[in-house]
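Participant: Got a predicted structure here, sequence first:
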Amino acid sequence: MKQRLPGIKGITVIKACVFLAVICCVFGVPVFADTGTFKIRNYTVEITPQPDGSWVADYRQEWEVLSGTAPWVTVGLPNADYKITSWSGAATKVRSDNQGAWSGVFVQLDRDYGKGESFDFGFTVTQHKVAYPKDDSHVEFSFTPGWYDDITVERMVIILQNPWSQEDLKFISPTPYEKTGDRAVWVSKLGPGQRFKVNFAFSSEVFTELEQSPKGRPANNGAPPIVGFCVLFIVIVMFLVILNAILRSRRRYYRGRRGIYYGTPRPFGTPVIVKTGSNEGKQPGKTGDASGSGNSKKSGSGGGGFGGRAGGCHCVSCACACVSCACACACAGGRGAGCTRKFSRIDKSVKEDDAKRADMAWS
């Protein structure tokens, strides 16, 4: 029995590690709790490409609170490689809030806005890693503003500001609502969860500061964060599957030894007293009946016999065969927290047996 203790303790340590890993993964996923219901009256993004392949984006939103309160707002951005340069309106602070696969900013408002109230704010960011050179003839861009799964956008406006000549704009899609020599404007309305995507391309000659990799793509050091997150998730899932298979195989293992049944754990069951050399188990305070709720035979089935693990003690209890070593075995030396509760019935039975033996010896 002592030889089994290290293995049991090892399993406990593994379970603790798995639990901590799962908790870390859960808290590593971005979670934003809605504080009410809202609608966005106006959502405008104006982007201006830069010679290095980045663009400057001016965001402006006007919200109306339908229920609850609005103490803050989040706005999704194309990737995590951006720099916040300014903010205005009801925003008192705009900070990066990239979490896991989500990239965007957290906008702290100047107060809590309640039902029926409206507010507007704006901020400006320099967004990098958005340009994609194509065949050394032009540079492509694709942009989808951050959307909201539960919010309607009454008016969505995307403005492309052209800092070069009209001939340098090689491609644009879809057809804009308005187009002049130096800008293109798209106007739409979005329901909850809907998205609006625009594509455009400029001549490669205007990007004089764009750094490219040998394959003609923008230099990009390392894999994007989503790749690392997915790999970590797959590794943890595989580990849990393997661990579960090992634990299931251990639960199916049992063998008889001095009246102890090593089988399915019964962490919440009443301790079973088995006389040395006997095959019968009896729970204190119960008598045998036809339903099997009292005396029972040991068996190899998962639900029968004595669950050889004392709940919370992290080792195989020897209460069945040797009552005197129950606490020493279960709690590694003397009575500790929970020992009195777990073995109080056993101790009472032992005292009664000792009293009977003393009476017989006296008579």
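Facilitator: Yep, that arrived.
Participant: How about the helix or strand hosting residue 120, which residues are buried there?
Facilitator: Element membership for residue 120, per DSSP states H and E: strand 118-127. Neighbour counts using 16 or more other Cβ atoms under 10 Å place 119, 121, 122, 123, 124, 125, 127 of strand 118-127 among the buried residues. The C-beta positions use only the backbone N, C-alpha and C, and glycine is treated the same way.
Participant: And those, which is closest to residue 167?
Facilitator: residue 127 (25.0 Å; Cβ to Cβ).
Participant: residue contacts, residue 85?
Facilitator: Contact analysis of residue 85 by Cβ atoms under 8 Å, 6 or more residues apart in numbering lists 124, 125, 126.
Participant: how about the closest residue to the last one other than its chain neighbours, secondary structure?
Facilitator: When the adjacent residues along the chain are set aside, residue 126 lies closest to residue 83, with 4.8 Å between them (Cβ to Cβ, 6 or more residues apart in numbering). Under DSSP: H, G, I helix; E, B strand; the rest coil, the three-state class of residue 83 is strand.
Participant: So what's the residue count around residue 83?
Facilitator: By the criterion of other Cβ atoms under 10 Å, residue 83 has 12 neighbours.
Participant: Retrieve the pLDDT associated with residue 114.
Facilitator: Each residue has a pLDDT score; the one for residue 114 is 97.
Participant: where does it fall, phi/psi-wise?
Facilitator: phi -100, psi -180 (degrees, to the nearest 10).
Participant: will you turn the buried residues of strand 118-127 into JSON lines that also has pLDDT?
Facilitator: Shown next, in JSON lines, are the buried residues of strand 118-127 (pLDDT from 0 to 100):
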{"residue": "119", "pLDDT": "98"}
{"residue": "121", "pLDDT": "98"}
{"residue": "122", "pLDDT": "98"}
{"residue": "123", "pLDDT": "98"}
{"residue": "124", "pLDDT": "98"}
{"residue": "125", "pLDDT": "98"}
{"residue": "127", "pLDDT": "98"}
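Participant: quick one: which of those is nearest residue 50?
Facilitator: Among the buried residues of strand 118-127, residue 127 lies closest to residue 50 (Cβ to Cβ), at 9.4 Å.
Participant: Who is that closest one paired with across the strands?
Facilitator: With DSSP bridges as the criterion, residue 127 is bridged to residue 55, residue 82.
Participant: distance of residue 184 from residue 197?
Facilitator: The gap separating residue 184 from residue 197 is 14 Å, by Cβ to Cβ, to the nearest Å.
Participant: out of these two, which sits in the busier spot?
Facilitator: With neighbours defined as other Cβ under 10 Å, residue 184 and residue 197 compare such that residue 184 has more, 19 against 12.
Participant: Let's verify the more buried one: helix, strand, or coil?
Facilitator: Classification of residue 184 by three-state DSSP places it in strand.
Participant: Wait, residue 206 touches residue 51, no?
Facilitator: Yes: Residue 206 lies in contact with residue 51 (Cβ atoms under 8 Å); the separation is 6.8 Å.
Participant: between the two, who's got more neighbours?
Facilitator: The neighbour comparison of residue 206 against residue 51 (other Cβ under 10 Å) goes to residue 206, with 18 against 12.
Participant: how much space between the residue nearest to residue 126 and residue 124?
Facilitator: 10 Å.
Participant: what does residue 146 give?
Facilitator: Per Cβ to Cβ, residue 146 is found 15 Å from residue 124.
Participant: again with residue 156
Facilitator: Between residue 156 and residue 124 the computed distance is 19 Å (Cβ to Cβ).
Participant: Any stretches of the chain with poor pLDDT?
Facilitator: Low-confidence segments of the chain (pLDDT under 70): 1-13, 15-33, 212-229, 249-363.
Participant: got the residue ranges for the helices in it?
Facilitator: 5-28, 225-251, 326-331, 339-362 (DSSP state H).
Participant: Domain map for the protein?
Facilitator: Using automatic domain parsing, the domain parsing of the chain gives 2-28+229-251, 36-220, 260-362.
Participant: Would you mark the buried spots in stretch 53-66?
Facilitator: Across stretch 53-66, burial judged by 16+ other Cβ under 10 Å covers 53-65.
Participant: which of the residues you listed lies closest to residue 46?
Facilitator: Among these, residue 58 lies closest to residue 46 (Cβ to Cβ), at 4.5 Å.
Participant: Give the full set of residues in contact with the closest one.
Facilitator: Residues near residue 58 by Cβ under 8 Å, 6+ apart: 44, 45, 46, 47, 122, 123, 124.
Participant: Cool, thanks, talk later.
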